[in-house]
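Chemist: Okay, here's the prediction I keep looking at, along with the sequence it came from:
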Amino acid sequence: MSVRYDVDGAVVTVTIDRPDVRNAVDVATAIGLAESFRRFESDAALSIAILTGAGEHFCAGFDLKALAGGTGNRLSEAGDGPMGPTRMVLSKPVLAAIEGYAVAGGMELALWCDLRVASSTAILGVFNRRFGVPLIDLGTVRLPRMIGQGRALDLILTGREVAAGEALRIGLVERVVEPGQALTQARLIAERIAKFPQGAVRADRQSVLNQWSLSFEQAVKAEYRGGLDVISSGEAREGARRFTEGAGRHGG
């Protein structure tokens, strides 16, 4: 199996397990990734997922040997992306734990995630520029929204590498940690998020994701409707009661 699926409480870790090719994704791996995240989405016992790579690297993109040999992924305007889950819209958050290379389609996988925790030795970049392979896993959409159009075009047009420090500075990753600690730190973050009341977490996250395609007035209404659903469910009232009794203080 080129994709591992490991559950620990309310957190699942999905691992690309092809370390001999720097976790490059072939057709079978792309299918396995998409299936893993559908499984996560449908499991009510799971609150958050982590995407990572086995060994020293996150993902070096699509497997160029497979592409050169004519066994590239199925290309279709509908359905899954060539890298697997990149077109999926989940109701629950996903964290990326990045060691080593997260380049080309591998960077597009990282961009699909909600938060990125990177090792200080991680390298990101649109390396597929060097091989004439376009970004078709929403890299041209997510990257400018995340870091701005000018910076996005700098990376997309030049194909240069971006070290972890610069990635943090421009907003390409959210956390930088010591080498070998990306997965450990991502798990700590995931466990903290999983402890929160999930209705409000998901409603607020969904409002953030949805607002890109809405006018300001529409976004105001959408946020209100999502928040009202949570309040009507009783979650907010129960949370307020627990807080007055001492639970959840000091960030816990």
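Modeler: Noted; the coordinates are in hand.

Chemist: Isn't Tyr101 up against Ile123?
Modeler: Yes: using CB atoms under 8 Å, Tyr101 is in contact with Ile123, at 5.4 Å. To be clear about C-beta, it is placed using only N, CA and C from the backbone, and glycine gets the same treatment.

Chemist: can you tell me which residues contact Met88?
Modeler: 34, 37-38, 41, 80, 112 (CB atoms under 8 Å, 6 or more residues apart in numbering).

Chemist: For it, what are phi and psi?
Modeler: Dihedral angles of Met88 (phi, psi; degrees, to the nearest 10) stand at phi -70, psi 140.

Chemist: what's near enough to touch Ile156?
Modeler: 126, 129, 135, 139-140, 143.

Chemist: so what's Arg237 scoring on pLDDT?
Modeler: At Arg237, the model reports a pLDDT of 64.

Chemist: circling back to that earlier point, turn the contacts of Ile156 into CSV, including distance to Ile50, neighbour count and secondary structure.
Modeler: As requested, these are exported to CSV (distance: CB to CB, whole Å; neighbours: other CB atoms under 10 Å; DSSP: H, G, I helix; E, B strand; the rest coil):
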residue, distance to Ile50, neighbour count, secondary structure
Val126, 24, 28, coil
Arg129, 28, 17, helix
Leu135, 24, 19, coil
Gly139, 21, 25, helix
Thr140, 25, 15, helix
Leu143, 21, 22, helix
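
Chemist: Can you name the residues in contact with stretch 173-184?
Modeler: By CB under 8 Å, 6+ apart, stretch 173-184 touches 13, 50, 52, 97-99, 110, 115-122, 124, 164-165, 167-168, 185, 189.

Chemist: that older thread, quick check on the contacts of Met88: which are buried?
Modeler: Listed as buried from the contacts of Met88 are 34, 37, 41, 80, 112; burial here means 16 or more other CB atoms under 10 Å.

Chemist: Surely the fourth one and Glu35 touch.
Modeler: No: in this structure, Asp80 sits apart from Glu35 without contact. The criterion is CB under 8 Å, and the distance is 9.5 Å.
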